[in-house]
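Enquirer: for reference, the sequence and a predicted model appear below.
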Amino acid sequence: MSTPFYVAPEQVMKDRADYARKGIARGRSLVATTYADGIVIVAENPSNTLHKVSEIYDRIGFAGVGKYNEFDQLRIAGIRHADLKGFNYSRHDVDALSLANQYAQILGQTFTHEMKPMEVEILVVEIGEEAADDQMFQILYDGTVYDRTGYTALGGDTEAIGERLEESFDERLELGAAVKQALRALSGPDRQLVPDDLEVAALGRSNGRRTFRRVLEAELAELVT
Amino acid sequence: MNLPLFPVGDDPGSDFAQLVRQQNPQPVLQDGDVLDLPHGTTCVAMRFDGGVLVAGDRRATSGHLISYRTMQKVFPSDRHSAVAIAGAAGPAVEMVRLFQLQLEHYEKVEGKELSLDGKASQLSALLRQNLPMARAGMVVVPLFAGYDLRIGEGRLFQFDVSGGRYEELEYGTTGSGSLHASTVLKLGYRKGQTRDAAVNLAIEALYVAADEDSATGGPDFIRNLFPVVATVTSGGYEQLEDDEVKSRSQELVDRLIAQGTPS
């Protein structure tokens, strides 16, 4: 009878974390910030069809970085969770926190029990009636949840992006200025990003029941010039 | 509630009704007496230049009694379509709720709206699922109308209990007062009519239906209750203000009084 090789649990976890982190860092990053009317998400994404940012429910938005098929599966599960909850109870009972906890469970479970962790990082945002009630939950590949205030960055190189945001961050900007601020943080000093490289969506308190709205090319070009 | 993740073969895709069935199984109906439930009545829909109009009265009845005077039978199903219902009030309103969510769910999962024909097919499917309920007396017969963004025109559909779907090119009606309402529409409908002409015609059709059919409610100036009238154009779904429907109802009544015949 052969004895399986012993590998220390610390080593297993570290290997998995490294694997997931590497996968996430390969992709492009995104930034979410609060602005005068709600929350805006600016993602570096050259594709017009494979979205990183999406609507979950009336006041809840989603963004993911890393492996597309993995975060898209989580995105759809999130829409199902929200629509079913709103159908079974009421639209007011659907909230970002419970969704973030569900994501954390799935990601944590996959991280410890499956062959391969998910190479994704997820952001769930919810806008409140007042700016003070806005929420941002960031969930890592291992199920760790962070409650962010004001701004956050996901993907590779988030430290540098976060530092650039921290320098200039102002939560009362109008949409155009907020997108420009996020764009500067994303591109850094050495690169010049153009509207074609971006996917932008905003959850605005003045948008009616469904607050999620994509900022499409023509409008985006106008906003950032 | 946990996160609805499915193995590859069981995944319901963008079908919300299927997802609801998987998550909350419905009780199987037993054969038994036909239930006497509140029923909603007359709704009309017609095309006009630049869009389509949907209107419905406000009354729900149980047998010979009025059970509800302020019922809403016309709803937005999404930005560019409207649905109106006649029949058993409970299942009808529930069907509308599921239909609205079905369209929204599809749009969010797939990232784009269904085509207008696709939306009508979804409503057919919901009606087919309701067939066992219909046989127990809970009949629902909707009207569906919307603005087709692909061809830039308003379109409308009538249905039967089994989910049969029939596109109408001019106007459609449903409910117990539909016979009388459709006569008014048949005589008054003009191809390419303006929105205002369509609104007046819809109010008159519902007035005549209420005049002949005890289950349909007319304009109620005492309680300030008037039909719900909505239009769908390239700009989307829009419900008319109560004041506008009130003043147009008043004009109709004044005209009938001046004629000396209650129509």
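Expert: It's in.

Enquirer: longest single helix anywhere in chain A?
Expert: Once chain A is assigned using DSSP state H, the helix that runs over the most residues is helix A:68-88.

Enquirer: now do that one: distance to the chain's middle.
Expert: Centroid separation between helix A:68-88 and its chain, computed with CA atoms, centre = their mean, to the nearest Å, is 14 Å.

Enquirer: C-terminal to it, which secondary structure element comes first?
Expert: As assigned by DSSP states H and E, the chain's next helix or strand after helix A:68-88 is helix A:96-113.

Enquirer: just the mean pLDDT for that next one, thanks.
Expert: Mean pLDDT, computed over helix A:96-113, is 94.

Enquirer: next, the angle helix A:68-88 makes with it.
Expert: 140 degrees (axes from the mean of the first three to the mean of the last three CA atoms, to 10 degrees).

Enquirer: neighbouring contacts of helix A:96-113?
Expert: A:16, A:20, A:56, A:60, A:74, A:77-78, A:81-82, A:85, A:117-118, A:120, A:122, A:124-126, A:135, A:137, A:139-145, B:1-3, B:5 (CB atoms under 8 Å, 6 or more residues apart in numbering or on different chains). In short, each C-beta sits where N, CA and C put it, glycine included.

Enquirer: give the contact list for residue B:197.
Expert: Contacts for residue B:197 (CB under 8 Å, 6+ apart) come out as B:48, B:190.

Enquirer: please list all residues in contact with the residue nearest in space to the middle of chain B.
Expert: Nearest to the geometric centre of chain B sits residue B:84, at 0.5 Å (CA atoms, centre = their mean). Applying CB under 8 Å, 6+ apart to residue B:84 gives the contacts B:43-45, B:54-56, B:73-75, B:142-145, B:174.

Enquirer: so of those residues, which two are at opposite extremes in space?
Expert: B:44 and B:75 (14.9 Å; CB to CB).

Enquirer: tell me which of those two has more neighbours.
Expert: Counted by other CB atoms under 10 Å in any protein chain shown, residue B:44 and residue B:75 do not tie: residue B:44 has more neighbours, with 33 against 22.

Enquirer: quick one: that one is in a strand?
Expert: Yes: remark: residue B:44 belongs to a strand, assigned using DSSP: H, G, I helix; E, B strand; the rest coil.

Enquirer: tell me the pLDDT at it?
Expert: Looking at residue B:44, its pLDDT is 97.

Enquirer: list the contacts of it.
Expert: Residues in contact with residue B:44 (CB under 8 Å, 6+ apart) are B:54-56, B:84, B:143, B:171-173, B:178, B:181-182, B:185, B:202, B:205-206.

Enquirer: could you list the low-pLDDT ranges of the chain?
Expert: In the absence of a named chain, chain A is used. Across chain A, the ranges flagged by pLDDT under 70 are A:1.

Enquirer: not quite, I wanted chain B
Expert: For chain B, the ranges with pLDDT under 70 are B:27-34, B:261-263.

Enquirer: just the closest of the contacts of residue B:44 to residue A:38, please.
Expert: Among those, residue B:54 lies closest to residue A:38 (CB to CB), at 32.4 Å.

Enquirer: so the closest one sits against residue B:142, correct?
Expert: No: counting by CB atoms under 8 Å, residue B:54 sits too far from residue B:142 to count as a contact (10.3 Å).

Enquirer: who's more crowded, the two?
Expert: Using other CB under 10 Å, the more surrounded residue of residue B:54 and residue B:142 is residue B:54, with 31 against 25.

Enquirer: how far away is that one from chain A?
Expert: Residue B:54 is 20 Å from chain A, where distance means CB to the nearest CB, to the nearest Å.

Enquirer: would it be right to say that that residue lies in a helix?
Expert: No: using three-state DSSP, the assignment for residue B:54 is strand, not a helix.

Enquirer: OK, contacts around it?
Expert: With contact taken as CB under 8 Å, 6+ apart, residue B:54 is in contact with B:43-45, B:74, B:82-84, B:143, B:145, B:156, B:229-232.

Enquirer: repeat for residue B:171
Expert: Per CB under 8 Å, 6+ apart, neighbours of residue B:171: B:44, B:45, B:46, B:47, B:156, B:182, B:185, B:186, B:189.

Enquirer: what about the last one, neighbour count?
Expert: Right, residue B:189. Using other CB under 10 Å, residue B:189 is surrounded by 18 other residues.

Enquirer: measure it to chain A for me?
Expert: Look at residue B:189 and chain A: by CB to the nearest CB, they are 33 Å apart.

Enquirer: contacting residues around that residue?
Expert: Taking CB under 8 Å, 6+ apart as the criterion, residue B:189 is in contact with B:46, B:170, B:171, B:201.

Enquirer: just the buried residues of those.
Expert: Buried subset of those (neighbour count, 16 or more other CB atoms under 10 Å in any protein chain shown): B:46, B:171, B:201.

Enquirer: coming back round to it: closest to residue B:114 out of the contacts of residue B:54?
Expert: When the contacts of residue B:54 are compared for distance to residue B:114 (CB to CB), residue B:83 wins out at 13.5 Å.

Enquirer: quick one: residue A:128 and residue A:135 touch, right?
Expert: Yes: using CB under 8 Å, residue A:128 is in contact with residue A:135, at 7.2 Å.

Enquirer: re the thing from before, narrow the contacts of residue B:189 to those in helices?
Expert: Among these, the ones falling in helices (DSSP H) are residue B:201.

Enquirer: from the contacts of residue B:189, which two are the most distant?
Expert: The farthest-apart pair in the contacts of residue B:189, when distances are taken by CB to CB, is B:170 and B:201, at 11.2 Å.

Enquirer: for residue A:174, which non-adjacent residue is closest in space?
Expert: residue A:36 (5.5 Å; CB to CB, 6 or more residues apart in numbering or on different chains).
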